[in-house]
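S.K.: Fold the following and give me the result.
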Amino acid sequence: MAMNEITPESVEAFFTRATGEYVFARWGRPVAPVVFGIEEETLVTVKSAIEACVAIAGHRMAETDPELGSNLMMFFLSDWAELMEVPHMGDLIPDLAAKVATLTERGAHQYRAFRFDEAGAIRACFSFVRMGGAMDEVPAEVIALSQAVQAMLLWSDRVFTQDSPLAVAPEGTVVRPDVANVLRAAYDPMLPAAARDAAHALRLYARAGAG
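M.R.: All right, here's what the predicted structure looks like:
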């Protein structure tokens, strides 16, 4: 099998969690992002990455979300302990102190928390990136694009732990072709916004394989 070839099994793996459950969700509303903790010039890079991933999906962006104001919040930190100092962060992340302790202990560089609406679609995503160490050597556009694509769907909690969702192309760093095809297929209006039956992966494959 060619590297990153789309198969029914690979599509199913994109949304199969470590517990063995198949859990799929896409955004059910326009994405209204806000970014904290970076310089103005990097902000343009991050927002461009979000726009690029939304465009791949054929989804929509908005200046504000009528319910939440901003529904995609990205935080860039130098230490997980900084989360304890952010006002109202405990409202966004339950058991914040325990989560900070776990992330610190693991030496984690990223964490995402999703919120869902009544239909199971994504209504909000809180994305956190801890800079420092090896992350300081990674170009801003690579970090931004990786975070943006991972915020667009409820991917498996293990799918991008070893393999990046990105690839290097002549024009620069891009979303990996198989990932882009699955992302595009996931927002097909004929498919549900959320699914917990692995048969959904076959419907995704039928669209992504032809992408």
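S.K.: In this protein, where's the longest strand?
M.R.: The longest strand of the chain (DSSP state E) is strand 122-130.
S.K.: ok, residues contacting that strand?
M.R.: 25-29, 67-68, 71-80, 83, 92-93, 103, 108-117, 135, 143, 147, 150-151, 153-154 (C-beta atoms under 8 Å, 6 or more residues apart in numbering). To be clear about C-beta, it is placed using only N, CA and C from the backbone, and glycine gets the same treatment.
S.K.: Who's the closest spatial neighbour of residue 96, skipping the chain neighbours?
M.R.: Closest residue in space to residue 96, ignoring its immediate chain neighbours: residue 90 at 4.6 Å, by C-beta to C-beta, 6 or more residues apart in numbering.
S.K.: neighbours around that neighbour, how many?
M.R.: 14 (other C-beta atoms under 10 Å).
S.K.: any idea how far it lies from residue 120?
M.R.: 25 Å (C-beta to C-beta, to the nearest Å).
S.K.: hmm, back to that, please check the contacts of strand 122-130 and keep the buried ones.
M.R.: 25-29, 71-77, 80, 83, 93, 103, 109, 111-112, 117, 143, 147, 150-151, 153-154 (16 or more other C-beta atoms under 10 Å).
S.K.: Narrow the residues you listed to those in helices?
M.R.: With DSSP state H as the criterion, helices contain 103, 143, 147, 150, 151 from among those.
S.K.: wait, the third one sits on residue 109?
M.R.: No. Counting by C-beta atoms under 8 Å, residue 109 is not a contact partner of residue 147; they are 10.6 Å apart.
S.K.: Which residue ranges of this structure form helices?
M.R.: Counting by DSSP H, the helices of the chain are 8-14, 40-57, 89-92, 96-106, 140-151, 177-186, 199-208.
S.K.: now those helices as TSV including distance to residue 193 and mean pLDDT?
M.R.: Shown next, in TSV, are those (distance: least, C-beta to C-beta, whole Å; pLDDT from 0 to 100):
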stretch	distance to residue 193	mean pLDDT
helix 8-14	16	96
helix 40-57	12	95
helix 89-92	22	89
helix 96-106	27	96
helix 140-151	15	96
helix 177-186	9	97
helix 199-208	11	96
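S.K.: any chance of the ones you listed in CSV, plus distance to residue 161?
M.R.: Below are those laid out as CSV (distance: least, C-beta to C-beta, whole Å):
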stretch, distance to residue 161
helix 8-14, 12
helix 40-57, 19
helix 89-92, 23
helix 96-106, 12
helix 140-151, 11
helix 177-186, 14
helix 199-208, 19
